[in-house]
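Novice: predicted coordinates and the sequence they were generated for:
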Amino acid sequence: MTELHERFWEIDLLRGIAIIMMVGFHLLYDINYLGAYDINLTSGPGFMAGKLSAILFVMIAGISLSLSYSRKRKIYDPESGFLKYTKRGLKIFLWGMVITAGSYIFLRDGVIVFGILHFIGIAIILAYPFLRYKAANLMLAIPVIVIGSWMQTFAIGGTWLFWTGLRPDGFHSYDYFPLFPWFGVLLLGIFLGNSLYPNYNRAPLISRMPNISDLLPVKTLCYMGKRSLLIYLLHQPLLVILLYVAGITDLNQLYP
């Protein structure tokens, strides 16, 4: 049986890998955006790497939600209900608004209006009724992803439904994670979490894996996984400073 205070190191490891992949993709994006080198990130390996990192990051968020919920059900926590997840979601959403403000100040166009932090903040709140289920999440995730993929093939005249995936004509944002299809990816994560970690215990498939958490590279990635939000908030300004120090770009290029 798993101790209730124990973290699952393999989840922190996966989250650390996801954040490394995302930072790496953003480094390539910054190099391309600032005009240092022409890197194709709209198709090919670069595009696939960025998409994979996003899918992994959102799916792990769903797994973590299922773990949090199953753990809270086993202990007495007067704030373990909807209010707790609402507070958590709003906190992350507000950090997303900080990103929006920063993008408004520094980016020439494509202000971030519903990026990954906005999405995860809202999704945490919306996902609460689904956290106790397993197969139902899989059954719902598939149509959400399919509908979301279809919605990306056209644009509409209005603007206020952009957060759902219905984009207005000419819409552009450097970080865009609408509810369709990304809420489906989160639901897949909840399904995996409830399947692989039932009642906050590793399923036999997971428990048979060798424990490599003492290896230094794994420890480092787990450490980063535990602090993924902080890394996400700080990595872009640090990357820009790094590129400036390396002489790859001029900070004046950031301003309109």
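Specialist: On my side now, so go ahead.
Novice: which stretches of the chain form helices?
Specialist: Using DSSP state H, the helices found in the chain span residues 9-33, 44-74, 82-106, 116-127, 135-151, 179-196, 204-207, 216-226, 228-245.
Novice: reformat those as a markdown table; add mean pLDDT and distance to residue 167.
Specialist: C-beta: built from backbone N, CA, C; applies to glycine. Listed next are the helices of the chain as a markdown table, based on pLDDT from 0 to 100; distance: least, C-beta to C-beta, whole Å:
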| stretch | mean pLDDT | distance to residue 167 |
| --- | --- | --- |
| helix 9-33 | 92 | 20 |
| helix 44-74 | 90 | 17 |
| helix 82-106 | 92 | 17 |
| helix 116-127 | 97 | 14 |
| helix 135-151 | 96 | 8 |
| helix 179-196 | 97 | 11 |
| helix 204-207 | 92 | 39 |
| helix 216-226 | 96 | 32 |
| helix 228-245 | 89 | 23 |
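Novice: pipe these into JSON lines and attach distance to residue 166 per row.
Specialist: Below are the helices of the chain laid out as JSON lines (distance: least, C-beta to C-beta, whole Å):
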{"stretch": "helix 9-33", "distance to residue 166": "25"}
{"stretch": "helix 44-74", "distance to residue 166": "20"}
{"stretch": "helix 82-106", "distance to residue 166": "19"}
{"stretch": "helix 116-127", "distance to residue 166": "15"}
{"stretch": "helix 135-151", "distance to residue 166": "6"}
{"stretch": "helix 179-196", "distance to residue 166": "8"}
{"stretch": "helix 204-207", "distance to residue 166": "38"}
{"stretch": "helix 216-226", "distance to residue 166": "33"}
{"stretch": "helix 228-245", "distance to residue 166": "26"}
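Novice: so who does residue 198 touch?
Specialist: By C-beta atoms under 8 Å, 6 or more residues apart in numbering, the residues touching residue 198 are residue 70.
Novice: residue 190: neighbour count?
Specialist: By other C-beta atoms under 10 Å, the residues close to residue 190 number 29.
Novice: again, but for residue 65
Specialist: Look at residue 65: counted by other C-beta under 10 Å, it has 25 neighbours.
Novice: my guess is it contacts residue 124, does it?
Specialist: Yes - counting by C-beta atoms under 8 Å, residue 124 is a contact partner of residue 65 at 6.6 Å.
Novice: anything in contact with each of those two?
Specialist: residue 85.
Novice: quick one: neighbours of the closest residue to residue 64 other than its chain neighbours, just the number.
Specialist: Closest residue in space to residue 64, ignoring its immediate chain neighbours: residue 11 at 6.5 Å, by C-beta to C-beta, 6 or more residues apart in numbering. As a burial measure, residue 11 scores 20 neighbours (other C-beta under 10 Å).
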